[in-house]
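S.K.: got a sequence here, can you model it:
(chains A and B)
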Amino acid sequence: AQSVTQLDSHVSVSEGTPVLLRCNYSSSYSPSLFWYVQHPNKGLQLLLKYTSAATLVKGINGFEAEFKKSETSFHLTKPSAHMSDAAEYFCVVSDPNTDKLIFGTGTRLQVFP
Amino acid sequence: KAGVTQTPRYLIKTRGQQVTLSCSPISGHRSVSWYQQTPGQGLQFLFEYFSETQRNKGNFPGRFSGRQFSNSRSEMNVSTLELGDSALYLCASSSSGDTQYFGPGTRLTVL
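M.R.: Numbering: from 1, shown residues only, chains lettered A, B, ... in the order given. Just a heads-up that it's a prediction; the model follows:
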């Protein structure tokens, strides 16, 4: 069975400092992994997607994630946080048999000035 | 291309009533999936439609149903509403593979 675990429910950073949002996955197959972001009262926006073409995936708004099979991790990073990055971030794995998305519990990112 | 649209954006209903939510996918996308988001349960998969057929179903009671039309637009219906059905209902569309693009959601409040 596929699953993802987001290791932090809340992360707080100062504007201009690096962001690290942690995600571990469990999958019997070579997984398709995603990061989505949800701003308050909004839908989900795709940040980036991993599908085995490259282990370092670059996304929108300066975010990137690295797939590490040995650690079963897919952590999201950004070198310098911006106030507009404050939102909820979801790590997601896709069930290869059904394409159903399985969501982590989310990490709320706060950015302080 | 226009994104996924959902109507209405907000709904208030009372217990026992029924409700229908609508989703228009991105043009050319044939798959539409529905998700429920609540503070307690997080994001949970409801069902997926492809070419007017329900292809996958999550673990929700039969009060939750859906359909898809020939133009790929989808509706979901919840009958006999309960307080616990209050949630943000998200629709996502995809063309092929597994990248899903989400709409803004419909926030349903059951009183």
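
S.K.: show the model's pLDDT score for residue 39.
M.R.: You didn't pick a chain, so chain A it is. Among the per-residue scores, A:His39 holds a pLDDT of 93.

S.K.: sorry, should have said chain B
M.R.: 90.

S.K.: what about it, how many residues nearby?
M.R.: 8 (other Cβ atoms under 10 Å in any protein chain shown). All C-beta spots, glycine's among them, are computed from the backbone N, C-alpha and C.

S.K.: how about the strands in chain A?
M.R.: A:3-6, A:10-14, A:19-21, A:23-26, A:32-38, A:44-50, A:56-58, A:64-68, A:73-78, A:87-94, A:101-103, A:107-112 (DSSP state E).

S.K.: any figure for the gap between B:Ser31 and B:Ser79?
M.R.: Using Cβ to Cβ, to the nearest Å, B:Ser31 is found at 25 Å from B:Ser79.

S.K.: who has more neighbours out of the two?
M.R.: Neighbours of B:Ser31 and B:Ser79, each counted by other Cβ under 10 Å, are more numerous for B:Ser31; the result is 23 against 14.

S.K.: grab the nearest non-local neighbour of the spatially most central residue of chain A.
M.R.: For chain A, A:Trp35 is the residue whose C-alpha lies nearest the centre (Cα atoms, centre = their mean; 3.5 Å). Nearest-residue entry for A:Trp35: A:Leu47, 4.3 Å, with adjacent residues in sequence omitted and distances by Cβ to Cβ, 6 or more residues apart in numbering or on different chains.

S.K.: give the contact list for that neighbour.
M.R.: Each residue near A:Leu47 by Cβ atoms under 8 Å, 6 or more residues apart in numbering or on different chains is listed here: A:34-37, A:59-61, A:63, A:76, A:89.

S.K.: in ChimeraX, how would I select the buried members of those residues?
M.R.: Only the buried entries of the contacts of A:Leu47 go into this ChimeraX selection, using 16 or more other Cβ atoms under 10 Å in any protein chain shown:
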select /A:34,35,36,37,59,63,76,89
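
S.K.: I figured the residue nearest to the centre of chain A hits A:Ala87, correct?
M.R.: No - the criterion here is Cβ atoms under 8 Å, and A:Trp35 misses it with A:Ala87 at 11.3 Å.

S.K.: could you tell me which residues of chain A lie near chain B?
M.R.: A:32, A:34, A:36, A:41-46, A:49, A:90, A:94, A:98-103, A:105-106 (Cβ under 8 Å from any Cβ of the partner chain).

S.K.: mind saving the C-alpha coords of stretch A:38-58 as PDB?
M.R.: Provided in PDB are the C-alpha atoms of stretch A:38-58 (Å, rounded to 0.1, in the frame of the first residue of the first chain):
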ATOM      1  CA  GLN A  38      -2.900  25.300  -0.500                       C
ATOM      2  CA  HIS A  39      -3.300  28.900   0.400                       C
ATOM      3  CA  PRO A  40      -6.100  29.900   2.800                       C
ATOM      4  CA  ASN A  41      -9.500  29.300   1.400                       C
ATOM      5  CA  LYS A  42      -8.000  28.200  -1.900                       C
ATOM      6  CA  GLY A  43      -7.800  24.900  -3.800                       C
ATOM      7  CA  LEU A  44      -4.600  22.900  -4.300                       C
ATOM      8  CA  GLN A  45      -1.800  24.100  -6.600                       C
ATOM      9  CA  LEU A  46       0.800  21.700  -8.000                       C
ATOM     10  CA  LEU A  47       4.300  22.700  -7.000                       C
ATOM     11  CA  LEU A  48       6.200  19.800  -8.500                       C
ATOM     12  CA  LYS A  49       6.100  16.100  -9.500                       C
ATOM     13  CA  TYR A  50       8.600  13.300  -9.400                       C
ATOM     14  CA  THR A  51       8.300  10.400 -11.900                       C
ATOM     15  CA  SER A  52      11.700   8.900 -11.900                       C
ATOM     16  CA  ALA A  53      13.200  11.000 -14.700                       C
ATOM     17  CA  ALA A  54      15.500  12.800 -12.300                       C
ATOM     18  CA  THR A  55      16.000  12.600  -8.600                       C
ATOM     19  CA  LEU A  56      16.100  16.400  -8.100                       C
ATOM     20  CA  VAL A  57      12.900  18.000  -9.200                       C
ATOM     21  CA  LYS A  58      12.500  21.700  -9.700                       C
END
